[in-house]
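# give me coordinates for this.
(chains A, B, C and D)
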There are 2 protein chains.
Amino acid sequence: MSEVLGLRERKKLRTRHALIAAAIELFVEKGYEQTTVSEIAAAADVSTRTFFSYFASKEDVVFHNSRDGVDRALRVIDEHGPGDRAVDLLSRAITSGFAALAVDDQLAREIAPINHLILNVPSLRARGLLLLFDSQQELAEALHRACPDELNLTEASAAVGAVIGGAKLAAFVSMRHGASPEEMLEAGRQATEFTLAGLRATFTPP
Amino acid sequence: MSEVLGLRERKKLRTRHALIAAAIELFVEKGYEQTTVSEIAAAADVSTRTFFSYFASKEDVVFHNSRDGVDRALRVIDEHGPGDRAVDLLSRAITSGFAALAVDDQLAREIAPINHLILNVPSLRARGLLLLFDSQQELAEALHRACPDELNLTEASAAVGAVIGGAKLAAFVSMRHGASPEEMLEAGRQATEFTLAGLRATFTPP
DNA sequence: TGTAACTTTGCATTTGATGTAGTTTTCTGG
DNA sequence: CCAGAAAACTACATCAAATGCAAAGTTACA
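From the prediction side, this is the model:
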């Protein structure tokens, strides 16, 4: 599974990680807007120009691992069993998207400051919403592909958008009302249950 | 209701409208990114610097009337009757947010190109998602305020986020699959029904 | 070791956005 | 109608993000 990397690749990886680490540290320390790309590059010992050959924009550093959760969720849907119902599939996909966080405490602590940035810096929040939105599109298409007889594309989109939209807003609103990160996650979890229950009710008539 | 405006105010309004008109026209004609603020200012016969005393950013011109729908929806919720149920209130609020479009054909044709920009230019899509997200926060708080016994804040957020999230994604996905603006609106409408039905089911046990 | 492929770098340029200081325009009260 | 106050506009200067380009440096490999 693991390829042996040449010196060139190893150096590139090291530079990439150095840029990410330097950026996050500076963002946390003095704020996202207050940090310039030159400062990040200097802290990682490369030229400013080189930063932009690793990341297309300053925002992109913050979202360097944004696809991990989406890809896990997509995999869950794509590898569905023959008897899986759409709602359960969706439920599992969402859960798996956050699974790594629930399990890996180390990782959770690593991305905590990043989430704080995304939630509190408007331009990052906008970018996060865009990435999440485009991911939802992929999830909806995958779900429809997995259960074409149960859900048409509009219904699949409605289901995906509803569950994620509800969870997202509930978590954010709770944070805005002073909740801790744990309470925030709990609000999102409850909202997911809430919406899934509604979907189940319309999809599993007694 | 209508105040008599002085020359100063009238001129400001005229300049504002000139900037908006010039901007939209240029955006449509040669693309959003391809249009510079200087060009917009020149077309509206003001200095580039003046543009930024009317709009905080180039993006803001596109969203100059973005609060109209939100304010209508908020008003519907705030002016609720004593017997109104949360789900119905939410349904009416969402509908009223789009009501002007359904009724006013002139307006609908006016904002069609703007919507096209928002849906197809990534930075505008991100900004639109941010504005919509922050609006949803207001709607959730208003809904909870209107029906505090029926919904706690997390449930209100889940409901608002679910309905809007589902509609948004369904409309967008349908567009991405080649739907016309009308079909897109219809997909959004269907998704709204779909999600509302789910909410009703969990909230109105037989 | 030499050369091809790739990476980094410095430099120039464009664009969005902000601060400032000075000019012009509008408003108000006499 | 006029003088002074208030507001708006303009012409700079400046900064940061982002991109293109060509030269210099590094790695790969025959």
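
# please report how far the residue of chain A found nearest DNA strand D lies from chain B.
At 2.7 Å from DNA strand D, residue A:6 is the closest residue in chain A, using CB to the nearest atom of the strand. To be clear about C-beta, it is placed using only N, CA and C from the backbone, and glycine gets the same treatment. As judged by CB to the nearest CB, to the nearest Å, residue A:6 and chain B stand 35 Å apart.

# for burial, what's the neighbour tally of that residue?
Per other CB atoms under 10 Å in any protein chain shown, the neighbour tally for residue A:6 reads 9.

# next: residue A:15.
17.

# for residue A:81, same thing?
The local packing of residue A:81 (other CB under 10 Å) involves 7 other residues.

# still on that earlier bit, residue B:155 versus the residue of chain A closest to DNA strand D, what's the distance?
55 Å (CB to CB, to the nearest Å).

# cool, residue A:111 as well?
Remark: distance between residue A:111 and residue B:155 (CB to CB) = 28 Å.

# who's more crowded, those two?
For residue A:111 versus residue B:155, the count of surrounding residues by other CB under 10 Å is larger for residue B:155: 24 against 16.

# show me which residues of chain A are close to DNA strand C?
A:8, A:11, A:12, A:15, A:45, A:46, A:47, A:49, A:50, A:53, A:54 (CB under 7 Å from any atom of the strand).

# mind listing which of those are in helices?
Those of the residues of chain A next to DNA strand C mapping onto helices are A:8, A:11, A:12, A:15, A:49, A:50, A:53, A:54, per DSSP state H.

# tell me what the worst-scoring helix or strand of chain A on mean pLDDT is packed against?
When the helices and strands of chain A are scored by mean pLDDT, DSSP states H and E, helix A:86-103 comes last with a mean of 87. With contacts taken as 3 or more CB pairs under 8 Å, 6 or more residues apart in numbering or on different chains; DSSP states H and E, helix A:86-103 sits against helix A:67-78, helix A:105-120, helix A:122-146, helix A:153-176, helix A:181-203.

# got the angle for it vs helix A:153-176?
For helix A:86-103 against helix A:153-176, the angle by axes from the mean of the first three to the mean of the last three CA atoms, to 10 degrees is 30 degrees.

# what's the residue nearest the centre of chain A sitting at in phi/psi?
For chain A, the residue lying nearest the average C-alpha position, counting by CA atoms, centre = their mean, turns out to be residue A:66 (4.7 Å). Here the main-chain torsion angles of residue A:66 (degrees, to the nearest 10) amount to phi -70, psi -20.

# what residues are up against it?
Residue A:66 is in contact with A:128, A:131, counting by CB atoms under 8 Å, 6 or more residues apart in numbering or on different chains.

# 7 Å - rerun?
Neighbour list for residue A:66: residue A:131 [criterion: CB atoms under 7 Å, 6 or more residues apart in numbering or on different chains].

# can you give me the distance of the nearest residue to residue A:46 once chain neighbours are set aside to residue B:148?
In space, and not counting its chain neighbours, residue A:46 is closest to residue A:15: 6.1 Å by CB to CB, 6 or more residues apart in numbering or on different chains. In this view, residue A:15 and residue B:148 are 54 Å apart by CB to CB.

# against residue B:27, how distant is residue A:23?
For residue A:23 relative to residue B:27 (CB to CB), the value is 32 Å.

# low-confidence ranges in chain A?
Applying pLDDT under 70 to chain A flags the ranges A:1-3, A:99, A:102, A:204-206.
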